[in-house]
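Asks: build me a model:
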Amino acid sequence: MTSLTPAWLVKQRWFRAKQRPIATVTEVDRASLERAELRVLEIAYADGGAADQYLVPTIHGREPSDGEGVWTAMVRAMAEGAELRGRRGSFACSPTDALEELLPSAREAAVTLDERRLRVEQSNTSVVLGERLILKLYRLLEPGLSPDLEVSAFLTDAGFVDTPAVAGAMTYTRDGGEPAAAAAMLQAFVLSTGDAWAAMLLALGDDPARGMELAANVGGVTAAMHAALASRPDHPSFPARPATVSETAAWRASADSQLAQAVTAVGGDAHERMVALAPAITARFADMFGSATGQARVSRIHGDYHLGQLLARSDDGFSVVDFEGEPARPLAERRQPGSPLRDVAGLLRSLDYAARTAERASPSFDAESWLAGARGAFIGAYGGIGATEVGLLEAFELEKACYEIRYEANNRPGWLWLPLAAAKRLSESAS
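Replies: Presented below is the predicted three-dimensional model:
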């Protein structure tokens with residue numbers, strides 16, 4: 001497999017470790033899938049750290065192209081509940097009841113589905129099949145339950161209609177008792193006009209009042225999502241209960257860590273500003289997270305919630321997608337229950353980004369005024385924030401702003417002004 005080289009890997013959008021020099025690429029397993037092969041590549045790094053395993057389907061020794069039937073072959077394998085045996089492990093395929101509803105006689109019908117690979121994915125590969133199903137291929141094989149697959153399946157079973165129904169799954173298990181890793185998920189395809197971020201920017205350019213309506217709609221969807229995630233409190237993986245002292249302490253530690261990373265990520269005037277702000281931010285974290293002890297509640301949450309994680313449907317509704325959580329966090333950590341207010345904070349920060357982006361495009365647009373109304377519309381539709389929760393929400397917003405400072409410093413320095421201003425504003429606000 002001379003084509004599956006380090007040079008080829010680092011060019012793939014789904015390869016996550018581009019900053020780590022690759023030492024070796026080794027094929028450690030292979031299973032047949034009709035005319036194709038499911039290959040498992042182990043990537044060892046020059047830094048000596050933990051190796052990664054990636055899933056790479058191939059046909060004739062290369063990655064598949066649309067129309068060659070590899071993606072529909074995965075659908076047929078799921079419909080059959082097939083087990084694809086490799087040399088050192090196996091791929092287990094399974095359908096859900098939703099598959100027969102979405103694609104009757106899926107084993108035969110899959111043959112006729114057109115394949116259309118989406119070009120916007122980063123860490124995964126998504127393929128639309130016949131405009132009826134969407135196949136998400138998890139490239140990085142992480143042993144353990146995938147939050148994306150786990151939460152999506154739970155929400156489907158709980159009757160939450162504003163996320164695509166799960167129709168099937170594929171997992172990979174190495175021989176020797178290692179936990180299975182999610183390899184693929186099949187879901188209903190949602191006909192959309194794009195994501196909520198694009199819809200919001202369009203509205204702010206044409207009709208800001210429409211933007212407030214969208215914020216309210218997202219608030220309603222968010223409330224329904226959180227209610228569904230907390231609907232089975234006795235489920236061992238989906239609890240709904242008061243937060244423990246150790247959990248609120250961990251939230252504060254995480255926030256302090258984000259602040260420290262933000263301070264070191266920036267230089268020059270930005271660094272001086274963050275150094276000056278750091279004592280006030282630290283004090284806010286201590287006060288706000290401290291007051292949450294005994295008051296906050298936890299359940300499973302989205303974990304990486306922003307306008308880009310909602311699809312804008314053609315019926316003016318929204319569908320929530322991508323429950324993987326923040327990719328930089330370990331998988332086990334992403335499966336832990338958290339405060340729903342973390343999701344709320346993420347969406348509020350996303351509204352801030354949308355408003356500032358619109359203001360840059362059109363200086364006559366008043367971001368501050370619009371944000372006041374949009375935040376109120378979103379929180380009102382969400383069901384409001386209790387008096388004991390206001391401080392915790394502010395803490396999560398401030399932590400998110402610190403994360404954004406580090407992100408912008410590393411990726412988009414020209415936008416660093418936005419989270420810097422948010423950090424100053426949030427550190428000075430009063431609960």
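Asks: what is the least confident helix or strand in this protein?
Replies: helix 106-109 (a mean of 86; mean pLDDT, DSSP states H and E).
Asks: which residues of this protein fall in helices?
Replies: 6-9, 70-80, 97-102, 106-109, 147-158, 196-206, 208-229, 245-265, 268-292, 331-334, 340-361, 367-382, 390-411, 417-428 (DSSP state H).
Asks: go ahead and name everything in contact with the second one.
Replies: Helix 70-80 is contacted by residues 33-36, 57, 59, 64, 82, 84, 91, 93-95, 99, 103, 106-107, 110-111, 113, 115, 117, 127, 129, 133, 135, 167-170, 184, 186 when judged by CB atoms under 8 Å, 6 or more residues apart in numbering. Where C-beta positions appear, they are placed from N, C-alpha and C, glycine not excepted.
Asks: now restrict these to buried residues only.
Replies: Neighbour counting with 16 or more other CB atoms under 10 Å marks 33, 36, 57, 59, 64, 82, 84, 91, 93-95, 99, 103, 106, 110, 113, 115, 117, 127, 129, 133, 135, 167-170, 184, 186 as buried within these.
Asks: mind showing which ranges of the stretch 301-431 of the chain have poor pLDDT?
Replies: Scanning the stretch 301-431 of the chain for pLDDT under 70 picks out the ranges 430-431.
Asks: before we move on, back to that, report all helices and strands that the least confident helix or strand of the chain contacts.
Replies: Where contact means 3 or more CB pairs under 8 Å, 6 or more residues apart in numbering; DSSP states H and E, helix 106-109 is packed against helix 70-80.
Asks: buried set for the helix it packs on?
Replies: 70, 71, 72, 73, 74, 75, 76, 77, 78, 79.
Asks: do you know how far the third one is from residue 128?
Replies: Right, residue 72. 11 Å (CB to CB, to the nearest Å).
Asks: who touches both of those two?
Replies: Joint contacts of residue 72 and residue 128 (CB under 8 Å, 6+ apart) are residue 115.
Asks: quick check: mean pLDDT of the top strand by length along the chain?
Replies: Ordering each strand of the chain by length in residues (DSSP state E) puts strand 22-33 first. Averaged across strand 22-33, the pLDDT comes to 96.
Asks: tilt between it and helix 70-80?
Replies: Per axes from the mean of the first three to the mean of the last three CA atoms, to 10 degrees, the angle that strand 22-33 makes with helix 70-80 is 60 degrees.
Asks: quick one: distance of strand 22-33 to the chain centre.
Replies: A distance of 27 Å separates the centroid of the chain from that of strand 22-33, by CA atoms, centre = their mean, to the nearest Å.
Asks: mind listing what's buried along that strand?
Replies: Using 16+ other CB under 10 Å as the test for burial, strand 22-33 gives 22, 25, 29, 30, 31, 33.
Asks: which strands and helices sit next to it?
Replies: In terms of contacts (3+ CB pairs under 8 Å, 6+ apart), strand 22-33 is packed against helix 6-9, strand 36-45, helix 70-80, strand 83-85, strand 89-95.
Asks: nearest to residue 429, out of these?
Replies: The minimum distance between residue 429 and the helices and strands packed on strand 22-33 falls on strand 36-45, with 43.0 Å, by CB to CB.
Asks: now what about the closest one, what contacts it?
Replies: 1, 4, 9, 17, 20-32, 51-59, 64, 68, 70, 73, 84, 86, 89, 91, 141, 172, 183.
Asks: what about that strand, distance to the chain center?
Replies: The chain centroid and the centroid of strand 36-45 are separated by 24 Å under CA atoms, centre = their mean.
Asks: direction included, what does it pair against?
Replies: Strands that pair with strand 36-45, judged by DSSP bridges, come out as strand 22-33 (antiparallel), strand 52-58 (antiparallel).
Asks: save those strands as TSV, and put in distance to residue 323 too.
Replies: What follows is these, written out as TSV (distance: least, CB to CB, whole Å):
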stretch	distance to residue 323
strand 22-33	26
strand 52-58	19
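Asks: among those strands, which is nearest residue 399?
Replies: strand 52-58 (28.0 Å).
Asks: what sits against residue 95?
Replies: Residues in contact with residue 95 (CB under 8 Å, 6+ apart) are 78, 79, 81, 106, 167, 168.
Asks: among the residues you listed, which has the minimum pLDDT value?
Replies: For these, the least confident entry is residue 106, with 85.
Asks: how much space between that one and residue 370?
Replies: For residue 106 relative to residue 370 (CB to CB), the value is 46 Å.
Asks: give the contact list for residue 64.
Replies: 36, 57, 58, 70, 71.
Asks: and these, which two are the farthest apart?
Replies: 58 and 71 (12.9 Å).
Asks: circling back to that earlier point, would you turn the contacts of residue 95 into JSON lines with distance to residue 235?
Replies: Formatted as JSON lines, those follow (distance: CB to CB, whole Å):
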{"residue": "78", "distance to residue 235": "25"}
{"residue": "79", "distance to residue 235": "28"}
{"residue": "81", "distance to residue 235": "25"}
{"residue": "106", "distance to residue 235": "28"}
{"residue": "167", "distance to residue 235": "22"}
{"residue": "168", "distance to residue 235": "22"}
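Asks: between those, which sits nearest residue 320?
Replies: The closest of those, once distances to residue 320 are taken by CB to CB, is residue 167, at 17.0 Å.
Asks: quick one: low-confidence ranges for the stretch 101-250 of the chain?
Replies: If you take pLDDT under 70 as the line, the stretch 101-250 of the chain has these spans: 121.
Asks: sorry, back to before: can you list the contacts of residue 64 in a markdown table and add pLDDT?
Replies: Formatted as a markdown table, the contacts of residue 64 follow (pLDDT from 0 to 100):
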| residue | pLDDT |
| --- | --- |
| 36 | 96 |
| 57 | 97 |
| 58 | 96 |
| 70 | 96 |
| 71 | 96 |
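Asks: distance of residue 231 from residue 91?
Replies: According to CB to CB, residue 231 and residue 91 sit 32 Å apart.
Asks: count the neighbours of the closest residue to residue 251 other than its chain neighbours for me.
Replies: Spatial nearest neighbour of residue 251, chain neighbours left out: residue 289 (5.5 Å); criterion: CB to CB, 6 or more residues apart in numbering. Around residue 289 there are 24 other residues, counting by other CB atoms under 10 Å.
Asks: could you export stretch 55-63 as CSV, CA atoms only?
Replies: Coordinates of each C-alpha in stretch 55-63 appear next as CSV, following Å, rounded to 0.1, in the frame of the first residue of the first chain:
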residue,chain,number,x,y,z
LEU,A,55,-9.9,3.4,9.5
VAL,A,56,-9.2,3.7,5.8
PRO,A,57,-11.6,2.0,3.3
THR,A,58,-9.9,1.2,0.0
ILE,A,59,-10.9,-0.1,-3.4
HIS,A,60,-8.2,-1.2,-5.8
GLY,A,61,-5.6,0.1,-3.3
ARG,A,62,-7.0,3.6,-3.0
GLU,A,63,-9.7,5.6,-1.2
